[in-house]
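S.K.: Dropping the sequence and predicted coords here.
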Amino acid sequence: MHRLAILAVLVSLAGCARVNVEEEQKALLAVDQEWSQSTKDLDKFMSFVAADANGYPQGVPMLAGADAFRKFIGELMAAPGYALSWTATKAVVATSGDIGYTTGAYDLAMAGTMEKGKYVTTWKKVNGAWKVADDIFNADAGPAAQSSPHVMVAPAGLKWGDPPPSLAAGAKLAVVQGDPSQPGPFVVRLQVPAGYKIAPHWHPGVENVTVLAGTVALGMGETFDESKMTTAAVGAYASLPAEMRHYFMAKSAATVQVHGQGPFVVNYVNPADDPSKQTK
């Protein structure tokens with residue numbers, strides 16, 4: 001009887017130790033979300049990664065171990081215009097409660113380019129805490145097609161039309177090369193009348209501006225202040241980092257050329273300044 005009693009106790013304890021998979025899945029989703037908030041702090045980011053973790057970025061050799069992982073992520077974080085975010089949509093945990101995986105979608109901006117993609121991250125328990133074991137991710141779209149190695153456009157060959165709805169009426173725009181609405185390099189020209197203004201705004205990628213005719217002025221910041229603007233005459237060039245808040249005014253009728261990596265998006269600091277959202 002004594003042995004049977006001990007066996008019964010052991011069976012009972014084993015039953016009590018069963019893992020609540022549903023709760024573990026909620027906990028793993030929360031950990032993934034917490035990890036997504038560390039994308040600008042390399043040490044905190046790596047605190048979620050196991051020492052023997054592997055990474056599988058698209059177009060890059062496998063990242064074997066935490067040191068390779070740290071080097072890759074550190075270089076991303078140091079890139080101009082870097083911004084990374086993701087959202088986990090599902091978590092699955094084994095009945096053992098010590099291994100699982102999450103899936104979701106990510107957005108990456110870097111050096112004037114934007115990438116949307118999906119990921120699968122496998123996790124394992126290390127000393128009771130969830131740590132990344134393998135991180136697999138790839139872009140939704142393939143690499144942009146290579147542009148022609150030689151492009152020459154005569155002024156008479158440009159087709160001028162109305163600007164996109166995000167810019168106020170009165171300007172004319174011509175696409176010189178590429179498609180500013182799509183990923184990849186683009187060049188456009190903008191003709192504006194004297195007094196034309198663009199309220200404080202920002203772009204996801206780098207904006208490069210060259211003044212071809214007339215005189216314009218550029219200001220930095222979230223409030224339009226003409227006294228703080230810098231005048232730019234013919235031949236002047238400005239490169240505005242991704243997400244830098246800035247504003248524009250034409251001091252005379254002018255033509256500017258803008259080039260960068262698409263998609264080219266105008267985000268206004270004050271949504272009320274967006275012409276596309278204003279009542280006609």
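M.R.: Good, I have the coordinates.

S.K.: From the contact counts, what lies against the helix or strand encompassing residue 137?
M.R.: Using DSSP states H and E, residue 137 sits in strand 129-139. Applying 3 or more C-beta pairs under 8 Å, 6 or more residues apart in numbering; DSSP states H and E, one finds that strand 129-139 contacts helix 21-36, strand 49-56, strand 99-110, strand 113-126. (Glycine included, C-beta is placed from N, CA and C.)

S.K.: Not counting the second one itself, show me its contacts.
M.R.: Contacts with strand 49-56, where a contact means C-beta atoms under 8 Å, 6 or more residues apart in numbering, come from 62-66, 68-70, 72, 124, 126, 131-137.

S.K.: what angle do it and strand 129-139 make?
M.R.: Relative orientation of strand 49-56 versus strand 129-139 (axes from the mean of the first three to the mean of the last three C-alpha atoms, to 10 degrees): 20 degrees.

S.K.: Check the offset of the helix or strand following strand 49-56 from the chain's centre.
M.R.: As assigned by DSSP H and E, the chain's next helix or strand after strand 49-56 is strand 63-64. Between the centre of strand 63-64 and the centre of its host chain there is 23 Å, according to C-alpha atoms, centre = their mean, to the nearest Å.

S.K.: ditto for stretch 131-139
M.R.: Worked out by C-alpha atoms, centre = their mean, stretch 131-139 lies 17 Å from the chain centre.

S.K.: Just the buried positions in it, please.
M.R.: 131, 132, 133, 134, 135, 136, 137, 139 (16 or more other C-beta atoms under 10 Å).

S.K.: just stretch 181-199 next, same as before
M.R.: 183-192, 196, 198-199.

S.K.: out of the residues you listed, which one sits closest to residue 155?
M.R.: residue 189 (9.4 Å; C-beta to C-beta).

S.K.: ok, the closest one - contacts?
M.R.: Going by C-beta under 8 Å, 6+ apart, residue 189 touches 158, 173, 174, 176, 212, 255, 256, 257, 258.

S.K.: Just those residues: which are in helices?
M.R.: In helices, judged by DSSP state H, none of these are found.

S.K.: Against residue 214, how distant is residue 189?
M.R.: Note on residue 189: its distance to residue 214, by C-beta to C-beta, to the nearest Å, is 12 Å.

S.K.: got it, and residue 73?
M.R.: For residue 73, the distance to residue 214 - C-beta to C-beta - is 45 Å.

S.K.: If the residue nearest to residue 54 when sequence neighbours are not counted is in a bridge, with which residues?
M.R.: Leaving aside its sequence neighbours, residue 54 sits nearest to residue 134 (C-beta to C-beta, 6 or more residues apart in numbering; 5.1 Å). Counting by DSSP bridges, residue 134 forms beta bridges with residue 54, residue 122.

S.K.: ok, residue 80 - how many residues close by?
M.R.: For residue 80, the count of nearby residues is 13 (other C-beta atoms under 10 Å).

S.K.: where does it fall, helix, sheet strand or coil?
M.R.: Judged by DSSP: H, G, I helix; E, B strand; the rest coil, the three-state class of residue 80 is coil.

S.K.: Tell me, what's the model's pLDDT at it?
M.R.: Looking at residue 80, its pLDDT reads 72.

S.K.: Check the gap between it and residue 260 for me.
M.R.: Taking C-beta to C-beta, one finds residue 80 at 12 Å from residue 260.

S.K.: Report the buried members of the contacts of residue 189.
M.R.: If we count by 16+ other C-beta under 10 Å, the contacts of residue 189 have these buried: 173, 174, 255, 256, 257, 258.
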